[in-house]
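**Q** Structure for this input, please:
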Amino acid sequence: MPSTSPIYTLYGVPHSLYTAKVRCYLRNQGIPYRERPTADPNFVGRIVPLIGRAIIPVLETPDGQVIQDTVDIIDYFERRGVPYPAYPSTPLQRVLAVILEYYGGQGLLRHAMHYRWSYLEQQREFLEHAFASGSGAVLAQQVMARMQSYLPRLGVTEASIPLIEASYLRLLDILEAHFECMPYLLGGRPSLADYGMIGSLFAHLGRDPIPAQLMKLRSPRVFRWVERMTAPDLDVVEYLDGPEGLWPDDQIPPTLEPLLQHVAAELFPELGDKLAFLDAWTVREQPADGAPVTDKPHRRQIASVQTEFRGVPIETGVEPYLRYVLQRASDTVQALPEPEQVRVMAELERVGLAGALPANTGVRVARRHHIEVWSRV
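**A** Numbering: from 1, shown residues only. Next comes the predicted model:
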């Protein structure tokens, strides 16, 4: 029988990293939705003018509410209640889930974009088909050229490419060992950590021909996790004796520790340099409450910083949005009683991730009217 549940509309495209994050969440939670491409006249004629920029994913609720941004979309459903809450209920796992969400969407973006655009000629036909399916052939060429031009701003250079590829192979090996023991990053059900990681590991690295073949041949359990995350409900048939929920007692699964150490080595010193820049910038500029973080809605970066990736100098853009993602981790810790704060911070220090928590400077990043703004609340 046809479903009588309200249908949500997800505006996105199959090859979009951030659309993949939301799509997997909707499927895992059993939320009925229909997906529409960016070429849909309704998206072009009504949604884009409403949100002020051409950006995906966008969710439209059955009652006409429009929500843009993966964090906001997931939080909308989390407030309403879902079968498998994305946010762990215990503080250390919650903080780690937010950090891994950030790593998947921002730290792994460098790897994802490299494997897509540095290998363009080897997979051109596939990518042209993907981009044309979402926006038409003429616009597809323009979008592809723009996307490829982002590589230097992401720190993808001749000097960094060998390190990017080596770090990705190491990541596959770490995840392969972990998924031998459990179906998801924190245990027996998906969390925000999985949704953050799936964007890059599906849309680019698990779907584009060159990296997808690499994943299948080197790390079949990682590819199986990609399948699992894109399936409806929980697809855990091969884990007969696996945990049903998250790892108990707010502990870190032993097989996850190598991943956390890998993530720390990937994120720093770059993340620390970006956070320091943002702190200094807000002190110097003293932005007003509610002021947009950039001068134009489509512009995400306010500057670039000289930093390093795996010891190689790179120049990379600074997006205030990173504070919007990571300040949820800081908020979690700051809300704890002092003994719990000490425990959680000690664990973060041990795995090298304490520096991922933005300091409380009195200036936050919020989202109002579908854009990032400075907030002094």
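**Q** Using CSV, list the CA coordinates for the lengthiest helix in the chain.
**A** If you go by DSSP state H, the chain has its longest helix at helix 161-179. This file holds the C-alpha atoms of helix 161-179, laid out as CSV (Å, rounded to 0.1, in the frame of the first residue of the first chain):
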residue,chain,number,x,y,z
ILE,A,161,49.3,15.2,-3.5
PRO,A,162,51.6,12.3,-2.6
LEU,A,163,50.8,12.9,1.1
ILE,A,164,47.1,13.2,0.4
GLU,A,165,47.1,9.8,-1.4
ALA,A,166,49.2,8.1,1.3
SER,A,167,47.0,9.5,4.1
TYR,A,168,43.9,8.2,2.2
LEU,A,169,45.3,4.7,1.9
ARG,A,170,46.1,4.8,5.6
LEU,A,171,42.5,5.9,6.4
LEU,A,172,41.1,3.0,4.3
ASP,A,173,43.3,0.5,6.2
ILE,A,174,42.2,1.9,9.6
LEU,A,175,38.6,1.8,8.7
GLU,A,176,38.9,-1.7,7.3
ALA,A,177,40.1,-3.0,10.6
HIS,A,178,37.4,-1.1,12.5
PHE,A,179,34.5,-2.3,10.4
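**Q** Begin at 3 from now on, thanks
**A** Yep, numbering from 3; the last one is helix 163-181 now.
**Q** For it, which helices and strands make contact with it?
**A** Contact here means 3 or more Cβ pairs under 8 Å, 6 or more residues apart in numbering; DSSP states H and E; on that basis helix 163-181 packs against helix 111-119, helix 211-220, helix 222-231, helix 259-269. C-betas here are computed from N, CA, C, even on glycine.
**Q** Could you check the angle the following helix or strand past that helix makes with helix 259-269?
**A** Counting by DSSP states H and E, the next helix or strand C-terminal to helix 163-181 is helix 194-205. On the basis of axes from the mean of the first three to the mean of the last three Cα atoms, to 10 degrees, helix 194-205 is oriented at 70 degrees to helix 259-269.
**Q** how far does helix 194-205 sit from the chain's center?
**A** With Cα atoms, centre = their mean, to the nearest Å as the basis, helix 194-205 stands 6 Å off its chain's centre.
**Q** Make a markdown table out of the helices and strands packed on helix 163-181 and add mean pLDDT.
**A** Formatted as a markdown table, the helices and strands packed on helix 163-181 follow (pLDDT from 0 to 100):
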| stretch | mean pLDDT |
| --- | --- |
| helix 111-119 | 98 |
| helix 211-220 | 98 |
| helix 222-231 | 98 |
| helix 259-269 | 98 |
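**Q** Would you tell me which one of the ones you listed is buried the most?
**A** Neighbour counts (mean count of other Cβ atoms under 10 Å) averaged over each of the helices and strands packed on helix 163-181 peak at helix 111-119, with a mean of 23.
**Q** what's the spacing between that helix and its chain's center?
**A** Counting by Cα atoms, centre = their mean, helix 111-119 is centred 14 Å from the centre of its parent chain.
**Q** For stretch 13-22, give the mean pLDDT please.
**A** Mean pLDDT, stretch 13-22: 96.
**Q** And for stretch 365-377?
**A** The model assigns stretch 365-377 a mean pLDDT of 95.
**Q** before we move on, what about stretch 99-108?
**A** Computed over stretch 99-108, the average pLDDT equals 97.
**Q** ditto for stretch 238-248
**A** Computed over stretch 238-248, the average pLDDT equals 86.
**Q** Show me which positions of it end up buried.
**A** Residues V238, Y241, P245, L248 are the ones in stretch 238-248 that count as buried (16 or more other Cβ atoms under 10 Å).
**Q** Over to stretch 333-340?
**A** For stretch 333-340, the neighbour count (16+ other Cβ under 10 Å) marks D333, T334, V335, L338 as buried.
**Q** Serialize those to a markdown table and add fields for pLDDT and distance to A266.
**A** Listed next are those as a markdown table, based on pLDDT from 0 to 100; distance: Cβ to Cβ, whole Å:
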| residue | pLDDT | distance to A266 |
| --- | --- | --- |
| D333 | 97 | 21 |
| T334 | 98 | 18 |
| V335 | 98 | 17 |
| L338 | 98 | 22 |
